[in-house]
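Undergrad: Have a look at this prediction, sequence included:
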Amino acid sequence: MLSAARYLVTKTCQHQRRAFSLSAIRKEAKTSSIGEYHIVDHAFDSVVVGAGGAGLRAAMGLSEGGQNVAVITKLFPTRSHTVAAQGGVNAALGNMNPDDWRWHFYDTVKGSDWLGDQNAIHYMTREAVRAVIEMENYGMPFSRTEEGKIYQRSFGGQSNNFGKGGMAR
């Protein structure tokens, strides 16, 4: 059985007809030795540090663009931070309760004490639903409701109706 991260990357890149591997390709590597240490040199167009959700998505995007990509992580991808944190992602899917990406925008700007880049926050919150659906289509597993929808829970500081509807539940 493939791990979630390996399945996500393998399925996506097979669909795009682009070779992608979670380990270096040996035939393209150059080897040498220094004393008792065996050194393997690899050549990549891009190096992504971190194999959490953002790192793997960045690697997939670079690979889809024709780059030869290396992902460096201190942990196996299924134990990287996105999975280990078990926090989830925030997007106004509205699967559990009424929701709106503009409420998400308001809460994020307010949570940053109005110091966050509002153009970036606007883009992130408006596109978050599309990004979650994209991850689902790539094969990322999500917890589900009994109806089969993506399970959602409220995060700290999340409100309804621009703070007028109380805290989200």
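TA: Noted; the coordinates are in hand. Numbers count the residues shown, from 1 in each chain.

Undergrad: For Tyr151, give its distance to Val132.
TA: 12 Å (CB to CB, to the nearest Å). All C-beta atoms are positioned from the backbone trio N, CA, C, and that covers glycine.

Undergrad: Same check on Asp41?
TA: Per CB to CB, Asp41 is found 39 Å from Val132.

Undergrad: pLDDT averaged over the longest helix along the chain - what is it?
TA: Longest helix in the chain, counting residues (DSSP state H): helix 118-138. In this model, helix 118-138 has a mean pLDDT of 94.

Undergrad: tell me what that helix is packed against?
TA: helix 4-15, helix 53-64, helix 101-111 (3 or more CB pairs under 8 Å, 6 or more residues apart in numbering; DSSP states H and E).

Undergrad: Let me see the mean pLDDT of the shortest one.
TA: Okay, so that is helix 101-111. Here the average pLDDT along helix 101-111 is 95.

Undergrad: circling back: so what sits against both of Tyr151 and Val132?
TA: Shared contacts of Tyr151 and Val132 (CB atoms under 8 Å, 6 or more residues apart in numbering): Phe142.

Undergrad: the more surrounded of those two?
TA: Regarding Tyr151 and Val132, a neighbour count based on other CB atoms under 10 Å identifies Val132 as having more, with 20 against 13.

Undergrad: and the nearest residue to that one once chain neighbours are set aside, what does it touch?
TA: Take Val132 and drop its neighbours on the chain: the residue closest to it by CB to CB, 6 or more residues apart in numbering is Ala91, 4.6 Å away. Counting by CB under 8 Å, 6+ apart, Ala91 touches Trp101, His104, Ala128, Val129, Ala131, Val132.

Undergrad: Test my guess that the last one contacts Gln152.
TA: So that's Val132. No - taking contacts as CB atoms under 8 Å, Val132 lies outside contact range of Gln152: 9.8 Å.

Undergrad: list residues touching both of the two?
TA: What both Val132 and Gln152 touch, as defined by CB under 8 Å, 6+ apart, is the set Leu93.

Undergrad: Just the buried positions in the longest helix of the chain, please.
TA: Across helix 118-138, burial judged by 16 or more other CB atoms under 10 Å covers Ile121, Met124, Thr125, Ala128, Val129, Val132, Met135, Tyr138.

Undergrad: Fine, thanks again, bye for now.
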